[in-house]
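A.B. asks: What follows is a predicted structure for the sequence shown.
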Amino acid sequence: EAGVAQSPRYKIIEKRQSVAFWCNPISGHATLYWYQQILGQGPKLLIQFQNNGVVDDSQLPKDRFSAERLKGVDSTLKIQPAKLEDSAVYLCASSSLRTGTYGYTFGSGTRLTVV
Amino acid sequence: SQQGEEDPQALSIQEGENATMNCSYKTSINNLQWYRQNSGRGLVHLILIRSNEREKHSGRLRVTLDTSKKSSSLLITASRAADTASYFCATDAGYGNKLVFGAGTILRVKS
């Protein structure tokens, strides 16, 4: 099966600009996650979708970050305006109801540099 | 907040040696998972162990889980240079299948 697709692979923007990331999960996976991974740290969950509904966005900085998952498939994560501390790798992952056996599938991530 | 804490932070070994990484966590879990991340790449799922399991094997990987101590270990036997990567433990507490990651162990295998 095809993996989780993310784009772009890299992005460099100036602070206060906006940026958007796109994720296409594995077909049939109802749950989609966005994680932020700052250099030298483990991934931190930003938002979790179940189909097109938000399950958990408690760690999403809602004053600048937004995410949507239209029709329960693709998802976009937006940052507006970006700050220097947003420099990180943004990882998208998806899972099915059978995650108890197979774990989560991650995309290759988008590396964001804010200058 | 991070649930799992890996130990050591970094590990350097010779090819052919075994590598052991440990993970401690704070709350009750449904399962614990280990992932590998090569530099600049996404995470790859290695192995999952459920809370009612004590040990699991997959190829050269052996994972143990001690729920009474809230700890897990990952053993990689007969390491290879290609095993050089960061290794993360992640816990699933069963609340909406949300994975919480530790800070990771950087493994370097020298050939």
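C.D. replies: Done, it's in.
A.B. asks: mind listing what residue A:26 touches?
C.D. replies: Residues in contact with residue A:26 (Cβ atoms under 8 Å, 6 or more residues apart in numbering or on different chains) are A:1-4, A:94, A:96, A:105. (C-beta placed from N, C-alpha, C; glycine too.)
A.B. asks: which bits of chain A sit near chain B?
C.D. replies: Contact residues, chain A versus chain B (Cβ under 8 Å from any Cβ of the partner chain): A:4, A:31, A:33, A:35, A:40-45, A:48, A:50, A:55-56, A:91, A:93, A:95, A:99-109, A:111.
A.B. asks: Which residue ranges of chain A form helices?
C.D. replies: A:99-102 (DSSP state H).
A.B. asks: any low-confidence regions in it?
C.D. replies: Flagging of chain A using pLDDT under 70 yields the residue ranges A:1, A:97-102.
A.B. asks: Beta-bridge partners for residue 88, please?
C.D. replies: No chain was given, so I picked chain A. As for beta bridges, residue A:88 partners with residue A:112 under DSSP bridges.
A.B. asks: actually chain B
C.D. replies: Beta-bridge partners of residue B:88, as defined by DSSP bridges: residue B:35.
A.B. asks: and it, what is it in contact with?
C.D. replies: A:42-43, B:4, B:6, B:34-37, B:43, B:101-105.
A.B. asks: got the contact list for the helix or strand bottoming out on mean pLDDT in chain B?
C.D. replies: Ranked by mean pLDDT, DSSP states H and E, the weakest helix or strand in chain B is strand B:5-7, scoring a mean of 84. If you take Cβ under 8 Å, 6+ apart as the criterion, strand B:5-7 is touched by B:21-25, B:87-89, B:102-105.
A.B. asks: could I get these as a markdown table with secondary structure and pLDDT?
C.D. replies: Below are the contacts of strand B:5-7 laid out as a markdown table (DSSP: H, G, I helix; E, B strand; the rest coil; pLDDT from 0 to 100):
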| residue | secondary structure | pLDDT |
| --- | --- | --- |
| B:21 | strand | 97 |
| B:22 | strand | 96 |
| B:23 | strand | 95 |
| B:24 | strand | 95 |
| B:25 | coil | 94 |
| B:87 | strand | 97 |
| B:88 | strand | 96 |
| B:89 | strand | 95 |
| B:102 | coil | 92 |
| B:103 | coil | 92 |
| B:104 | coil | 94 |
| B:105 | strand | 96 |
